[in-house]
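Enquirer: Sequence first, then the predicted structure:
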Amino acid sequence: MKKIAGGLGAVLVILITSAQAQQPAPLITNIYGRHTTGLDGRWQTIIDPYETGFYDYRYNESKNGYFKNAKPKSPSDLIEYDFDASPQLDVPGDWNSQNERLLFYEGTIWYKKSFDYPKKDRTRLFVYIGAANYVADVYLNGQKLGRHEGGFTPFDFEVTPLVREKDNFLVVKVDNKRRRDAVPTLNTDWWNYGGLTREIRLVEVPQTFIQDYFLQLKKGSVDEIAGWVKLNGANSSQAVTIEIPEANIKLTVTTDENGYAPIDFKARLQLWSTDSPKLYRVIFSSGADSVSEQIGFRSVETRGTDILLNGKPIFLRGISIHEESPLRGGRAFSDTDARMLLGWARELGCNFVRLAHYPHNENMTRLADEVGIMVWSEIPVYWTILWDNRETYANARNQLGEMITRDKNKASVILWSVANETPVGPARNEFLKGLVDQARSLDPTRLLTAANERHYADAITQVVDDPLGEYLDVLGCNEYVGWYDGLPEKADRLSWKVTQNKPLIISEFGGDALFGLHGNKEVRWTEEYQKDVYEHQIAMLRKIPSLRGMSPWILTDFRSPRRPLPRIQDFYNRKGLISSRGERKQAFYVLQNFYRELMKEEK
C-alpha cells in the first residue's frame with residue numbers, strides 16, 4: 001500500500017495528475033443544452049469473467065482484444081468472439097436486472113454499439129457517458145480513448161480524429177468488481193449494479209466551444225450574481241455574452257489565454273424556493289457556439305444552528321433515496337423514474353431529499369430544480385475507505401469534482417456531502433479535510449456536510465462531536481435507536497448533546513418492515529414495529545434544539561446482498577416506507593402526518 005506521507009499538501013501535484021489521468025477530456029457541462037445524438041438502445045455484449053478479451057495468457061494487456069471487433073477474413077481464421085452474434089442489453093441499464101443469470105454477477109462485460117456519423121467541417125465530436133459502474137475502458141474503431149474509474153459520475157472523450165462516416169463501432173469494457181482501494185470500497189449496503197447505467201451521447205461542438213460555466217448568487221448576497229465561463233479550443237481568448245432575456249440582462253466578458261473569464265453583475269431576480277421554484281433561461285454565446293440552461297437563483301447559508309434559504313430559517317423535511325427503480329427494478333435512470341421517486345417524496349410532505357450514497361442521475365437534480373425540492377448530494381466515500389492510500393484519495397477527489405462540475409448550476413442542490421459513516425481517526429480526518437477544501441474551492445456558494453459519527457457519553461446521552469464537524473457547515477448524523485440500538489421505547493430516555501454550534505440533520509434513522517406483515521408492535525419485521533420506531537423517533541428528535549432537518553432511511557425498499565433473511569428480506573433492505581412494488585407501509589403515514597404538522601407550524 002502506498003502511504004500518504006508528509007500531509008496531503010506534499011502530494012497534491014501527484015494526486016491531481018492521477019485524477020486527470022482518469023479523465024482524458026474536459027467534462028462538458030449541460031449536455032441537455034447541446035447538439036447531441038443518442039446512442040441509447042440495444043448494445044451487443046460479451047460476458048468476460050476472466051477478462052480474456054482484455055489480457056493475454058501472461059496477463060498483459062492484449063493488443064488484439066475484443067475492442068478490435070475482429071471478423072474472420074477467411075474460413076481458417078481463428079477468432080473466438082463475435083459481438084454481432086452475442087446477446088444484447090439495454091443501455092442505459094444495469095446488467096443485473098436485465099438477465100436473471102447476471103443478478104449477482106460482478107466482473108467484466110463488453111458492450112458494442114455501431115453507428116454512422118456524417119462528418120462536419122469545423123466541428124469537434126465527443127463521446128459522453130453519463131455513468132458506467134465501475135471501471136470503464138472505452139474504444140472507438142479499435143483505438144483506446146481512455147479509462148474512467150467511478151460508477152456514478154459522467155465522463156467524456158474527444159473522438160474527432162477517429163470518427164468516420166460509416167461503420168463506426170464504440171466498445172466499452174465495464175468492470176464492476178469491488179476493490180479494497182476503490183471508492184466505494186468492498187463493503188456496501190446496496191446492490192452493485194454493473195453496466196452502462198446512464199445515457200450515452202455523441203456531442204457536437206464548434207472548434208472553440210463553451211466547455212463549462214458557473215452562475216449563482218454570490219455567497220451572502222441576494223442581488224449579486226457571480227461565476228465564470230470557460231472556453232475550450234484554439235481561439236480561447238474571445239468575447240462571451242451572457243443573457244437572461246426574461247430579466248433584460250445582457251453582458252459580455254472576454255476570456256483570457258486559458259479560455260477563462262469571471263462573471264459578476266447586480267440583478268434583482270425572483271429567487272428560487274421550494275414554494276416557488278423559479279427558473280430563468282440563461283444563454284451563453286461565444287463565436288460559433290451557444291448553450292442555454294434553466295437556472296434558479298437562491299442563497300443558502302447558516303447562522304448559528306439555523307439553515308437559511310434566501311435569508312429565512314428552514315427545516316429540511318426529508319427522506320433518503322437510493323437510485324433504484326422500485327417498480328421496474330434495477331438502477332433508476334430516466335425522467336420517468338425521477339418523477340415517480342420525487343413525486344412520492346412530495347406526497348410524503350418532503351421539501352428535501354438526501355440522494356444517497358453517490359451522485360444520482362441528472363434527471364433527479366434537474367427535476368428537483370423544476371418542482372422545488374432541495375437536495376443533499378454525496379460521493380461514495382462510505383464506511384472503511386483506504387484513508388492512507390493516495391490513489392484512493394485521488395479517486396475520491398475526481399468523483400467529487402465530477403459531481404460538482406455536473407450539478408453546480410442546480411438551485412436545488414444545497415448540500416455537498418463528502419462522506420457517510422466513516423470511522424474517526426487521523427488519516428480519515430486528513431483525507432476528508434482535503435475533500436472539504438476541494439469542494440469549497442470548486443463551489444464556495446453551497447453548504448458542506450457529511451454523515452458523521454456519534455457516540456454515547458453514558459447510557460442515556462448521545463454525543464455528536466466528530467472532529468470533522470469543525471470543517472463542515474451542517475452536521476449530519478445517522479442513528480438507529482429502536483432497530484440496531486435497543487427497542488423503540490429506548491428513544492424516550494435519550495438526550496442529545498451537540499458540541500458544535502451548527503445545524504444538525506439526522507440523516508438516517510428507521511427500521512425494517514415487510515409490507516403486509518402484521519402483528520404486535522413488539523414483533524420485528526412487522527409494519528407495526530416500524531411504525532412504532534417512527535413514533536418514538538419523532539418524539540425524541542423534536543427535543544434536539546439544533547435539529548434543522550431529517551432524512552429517514554429510506555423512501556423505498558432496495559436490493560442489498562447483505563440482507564439474505566428468507567421470506568422477509570430476500571436480499572432487500574426493507575427499511576423503505578414504500579415497498580419495491582409501490583405499496584405504502586404504516587410508517588409512511590406517521591412521517592407524512594409529522595411533516596404536515598411541521599408545515600402548519602411554519603405557516
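Expert: Yes, it's here.

Enquirer: so where's this protein shaky on pLDDT?
Expert: 1-24 (pLDDT under 70).

Enquirer: At the geometric centre of it, which residue do we find?
Expert: Nearest to the mean C-alpha position of the chain, by CA atoms, centre = their mean, lies Pro359 at 0.3 Å.

Enquirer: isn't it right next to Arg406, touching?
Expert: Yes - with contact defined as CB atoms under 8 Å, Pro359 and Arg406 form a contacting pair (7.3 Å). C-beta coordinates here come from the backbone N, C-alpha and C atoms, glycine included.

Enquirer: picking up where we left off before, not counting its neighbours along the chain, what's nearest the residue nearest to the centre of the chain?
Expert: Met403 (4.3 Å; CB to CB, 6 or more residues apart in numbering).

Enquirer: Tell me who's in contact with that neighbour.
Expert: Residues near Met403 by CB atoms under 8 Å, 6 or more residues apart in numbering: Phe152, Thr153, Pro359, Ser377, Ile379, Trp416.

Enquirer: Please apply the same query to Thr556.
Expert: Applying CB under 8 Å, 6+ apart, we find Thr556 in contact with Ile321, His322, Glu324, Pro326, Leu341, Trp344, Gly576, Leu577, Ile578, Ser579, Ser580.

Enquirer: do that again at 10 Å, thanks
Expert: Counting by CB atoms under 10 Å, 6 or more residues apart in numbering, Thr556 makes contact with 319, 321-322, 324-327, 332, 340-341, 344, 572-573, 575-583.

Enquirer: what's the answer for Asp94, then?
Expert: Residues near Asp94 by CB under 10 Å, 6+ apart: 102, 133, 174, 176, 191-197, 324-325, 329-331, 333.

Enquirer: redo that, cut-off 6 Å
Expert: Counting by CB atoms under 6 Å, 6 or more residues apart in numbering, Asp94 touches Tyr193, Gly195, Thr197, Gly330, Arg331.

Enquirer: and it, that one's in a strand?
Expert: No - checked against DSSP: H, G, I helix; E, B strand; the rest coil, Asp94 lies outside a strand; its state is coil.

Enquirer: Please name the nearest non-neighbouring residue to it.
Expert: Nearest to Asp94 is Tyr193, by CB to CB, 6+ apart, at 3.6 Å.

Enquirer: unless I'm mixing things up, that neighbour is touching Ser97, no?
Expert: No - taking CB atoms under 6 Å as the definition, Tyr193 is not a contact partner of Ser97, at 7.3 Å.

Enquirer: one step back: out of the contacts of Asp94, which sit inside strands?
Expert: Assigned to strands by DSSP state E, none of the contacts of Asp94 qualify.

Enquirer: Turn the residues you listed into JSON lines, columns for neighbour count and distance to His148.
Expert: Shown next, in JSON lines, are those (neighbours: other CB atoms under 10 Å; distance: CB to CB, whole Å):
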{"residue": "Tyr193", "neighbour count": "20", "distance to His148": "17"}
{"residue": "Gly195", "neighbour count": "30", "distance to His148": "14"}
{"residue": "Thr197", "neighbour count": "26", "distance to His148": "13"}
{"residue": "Gly330", "neighbour count": "21", "distance to His148": "21"}
{"residue": "Arg331", "neighbour count": "28", "distance to His148": "17"}
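
Enquirer: separation between Thr254 and Phe284?
Expert: Separation of Thr254 from Phe284 (CB to CB, to the nearest Å) stands at 14 Å.

Enquirer: what about Asn99, neighbour count?
Expert: By other CB atoms under 10 Å, 14 other residues sit near Asn99.

Enquirer: any idea how far it is from Leu89?
Expert: Distance, Asn99 to Leu89, by CB to CB: 7 Å.

Enquirer: One more: Ser579?
Expert: Between Ser579 and Leu89 the distance is 27 Å, computed by CB to CB.

Enquirer: now do Ile538
Expert: As for Ile538, its distance to Leu89 is 44 Å (criterion: CB to CB).

Enquirer: next one: Trp190
Expert: Using CB to CB, Trp190 is found at 21 Å from Leu89.

Enquirer: Show me what stretch 251-259 is in contact with.
Expert: Residues outside stretch 251-259 that contact it (CB under 6 Å, 6+ apart): Lys230, Leu231, Ser236, Ser237, Ala239, Val240, Thr241, Ile242, Ala261, Ile263, Phe265.

Enquirer: what about 7 Å?
Expert: Applying CB atoms under 7 Å, 6 or more residues apart in numbering, the external contacts of stretch 251-259 come out as 229-232, 236-242, 261, 263, 265.

Enquirer: which pair in those residues spans the largest distance?
Expert: Asn232 and Phe265 (23.7 Å; CB to CB).

Enquirer: In terms of packing, which of these two has more residues around it?
Expert: Comparing Asn232 with Phe265 by neighbour count (other CB under 10 Å), the higher total belongs to Asn232, at 20 against 15.

Enquirer: Helices along the stretch 351-500 of the chain, start to end?
Expert: 362-371, 390-407, 426-442 (DSSP state H, counting those that start in this stretch).

Enquirer: Kindly format the C-alpha coordinates of the shortest one as CSV.
Expert: Extracted as CSV, the C-alpha positions of helix 362-371 are listed here (Å, rounded to 0.1, in the frame of the first residue of the first chain):
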residue,chain,number,x,y,z
GLU,A,362,-29.0,14.2,-13.7
ASN,A,363,-32.8,13.7,-14.2
MET,A,364,-33.1,13.8,-10.4
THR,A,365,-31.4,17.1,-9.9
ARG,A,366,-33.0,18.7,-13.0
LEU,A,367,-36.4,17.7,-11.8
ALA,A,368,-35.7,18.8,-8.2
ASP,A,369,-34.9,22.2,-9.7
GLU,A,370,-38.2,22.2,-11.6
VAL,A,371,-40.5,21.1,-8.7
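
Enquirer: quick one: that helix to helix 390-407, angle?
Expert: Orientation note: helix 362-371 sits at an angle of 40 degrees relative to helix 390-407 (axes from the mean of the first three to the mean of the last three CA atoms, to 10 degrees).

Enquirer: Any idea how many residues pack against Asn409?
Expert: As a burial measure, Asn409 scores 23 neighbours (other CB under 10 Å).

Enquirer: typo on my end, it should be Ser286
Expert: 26.

Enquirer: For it, name its beta-bridge partners.
Expert: With DSSP bridges as the criterion, Ser286 is bridged to Asp289.

Enquirer: For it, give me its contacts.
Expert: By CB under 7 Å, 6+ apart, Ser286 lies in contact with Ile210, Leu231, Gln238, Ala239, Val240.

Enquirer: Filter the residues you listed down to the buried ones.
Expert: Ile210, Leu231, Val240 (16 or more other CB atoms under 10 Å).

Enquirer: out of the residues you listed, which one sits closest to Ala411?
Expert: Ile210 (20.2 Å).

Enquirer: Helix or strand for that closest one, just tell me which one.
Expert: Element membership for Ile210, per DSSP states H and E: strand 209-217.

Enquirer: what's across from the nearest residue to Glu301 once chain neighbours are set aside in the sheet?
Expert: Distances taken as CB to CB, 6+ apart place Leu308 nearest to Glu301, at 5.1 Å, with adjacent residues excluded. The partner list for Leu308 in beta bridges (DSSP bridges) reads Glu301, Pro313.
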